[in-house]
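1. the following comprises the amino acid sequence and a computationally predicted model.
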Amino acid sequence: MTTTLRLGSTGPAVVALQQALSQAGYYLTADIDGAFGPVTRAAVETYQLAHSLDVDGVAGPLTLAELARGAPAPPTLPTGADPHAIPRPPAGWIVGVDTSAAQGILDVPALMAAGVAFLIAKATDGERSVDARWTISAAAARRHAMPLGAYGVYEPAGVAGARDDAGRAARVRAQAQHFLDVTADSGATLPPVLDFELARGPALHNLTAAARWVDVVADALGREPMLYTGPAFWRDLCRMAGVAAAPALERLARCPVWLAHYGPALAVGPMVPEPWASGEGWAMWQASGDAPRGAQKPRPWAHLPGRPSVAVDVDYFRGPVDALVALGRAAAVVGSPP
């Protein structure tokens, strides 16, 4: 390997780096292609964080030396075991799934038999859309006493199309109120969730919109919503927004964070961005997602019990179900930026 590899590096040395990260369990989301892109940088950052190295996304001498020490190969499954069955959680954790219309009608008893402790279903998308399976999924969870949560997807198009700040505030309030209306009689006991993984227009406008959404929902329900996002998306959005986003970030920091990060070993966990890295850390971790398509390198994914062609997101919570049900209830609800 060369002395230093960074974003934009290419060639055999990068192939060797990607192979070492893959063997260590940190590079599971893309092809080993010899190109040091954002996926490789994220894998390097996660590795550095787990090994108490400076987290800069650059594979310099210290990072490469640590990788050269080697890592044990991932554990092998017993012969005949299904590598894509919903995994059992580590001791003291619980495992759940999050779903949408893509998973079709859920067999909740089969999920429970597979060890699934909770279900979080998509309810809304933006101001008007309701997930086609929301009502059925919520009813099935209630019927079988499965702890239920709901998430609403932030849709940036309407916010970005508003003429001024008052218009943007109105658009995001409409999204939050739509979520509240749809989920009002669902019997959900888990924290409400804002799915925040899309942005359009200035980064500051999107972060402010997220803060407003959680404020509306928190005021209505008396508990802090959980914020679902990806570490790289969040980091880049905050970087683009700059210091002007401080009020919005201060508000969002009070939300428990649910991070989507596929690949890290369970002992490592997801990469946690600020402001949660120096605070409470991650509340929930989406550790696997959709099955990869085409020529992509295999990544962690699981399927619904008895339905091997239907992938489902797998989520970990570090604690018992009662703690997840209580999450966000004790938090004070204070207004976000105007």
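-> Now that the structure is in, tell me what you want to look at. Numbers count the residues shown, from 1 in each chain.

2. who's in contact with L266?
-> Applying Cβ atoms under 8 Å, 6 or more residues apart in numbering, one finds that L266 lies in contact with 90, 287, 316. Every C-beta, even on glycine, is put in place using the N, C-alpha and C of the backbone.

3. need these in CSV (columns: secondary structure).
-> Shown next, in CSV, are those (DSSP: H, G, I helix; E, B strand; the rest coil):
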residue, secondary structure
P90, coil
A287, strand
Y316, strand
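
4. residue boundaries of the strands in the stretch 101-250 of the chain?
-> Using DSSP state E, counting those that start in this stretch, the strands of the stretch 101-250 of the chain run over 116-125, 129-130, 148-153, 193-195, 226-229.

5. okay, these in JSON lines with distance to D56 next?
-> Output for the strands of the stretch 101-250 of the chain, formatted as JSON lines (distance: least, Cβ to Cβ, whole Å):
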{"stretch": "strand 116-125", "distance to D56": "34"}
{"stretch": "strand 129-130", "distance to D56": "40"}
{"stretch": "strand 148-153", "distance to D56": "32"}
{"stretch": "strand 193-195", "distance to D56": "29"}
{"stretch": "strand 226-229", "distance to D56": "22"}
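
6. using CSV, lay out those together with distance to R163, mean pLDDT and mean neighbour count.
-> What follows is these, written out as CSV (distance: least, Cβ to Cβ, whole Å; pLDDT from 0 to 100; neighbours: other Cβ atoms under 10 Å):
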stretch, distance to R163, mean pLDDT, mean neighbour count
strand 116-125, 23, 97, 25
strand 129-130, 23, 96, 16
strand 148-153, 24, 98, 25
strand 193-195, 24, 98, 26
strand 226-229, 27, 98, 24
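
7. out of these, which is closest to I94?
-> I94 lies closest to strand 116-125 among the strands of the stretch 101-250 of the chain, at 4.0 Å (Cβ to Cβ).

8. that closest one pairs with which strands?
-> Strand 116-125 pairs in its sheet with strand 94-99 (parallel), strand 129-130 (antiparallel), strand 148-153 (parallel), by DSSP bridges.

9. how far out from the middle of the chain is the second one?
-> Mean-position distance between strand 129-130 and its chain equals 21 Å (Cα atoms, centre = their mean, to the nearest Å).

10. same check, this time on the first one
-> The gap between where strand 94-99 is centred and where its chain is centred comes out at 12 Å by Cα atoms, centre = their mean.

11. list the contacts of that strand.
-> With Cβ under 8 Å, 6+ apart as the criterion, strand 94-99 contacts 86-89, 106, 111, 115-122, 133, 137, 151, 286, 312-317, 319-321, 324.

12. what is the spatially most central residue of the chain paired to in the beta sheet?
-> Central residue of the chain (Cα atoms, centre = their mean): A260, 2.3 Å from the mean position. Beta-bridge partners for A260, by DSSP bridges, are Q286.

13. and W282, which of the strands paired with strand 116-125 is closest to it?
-> strand 94-99 (14.3 Å).
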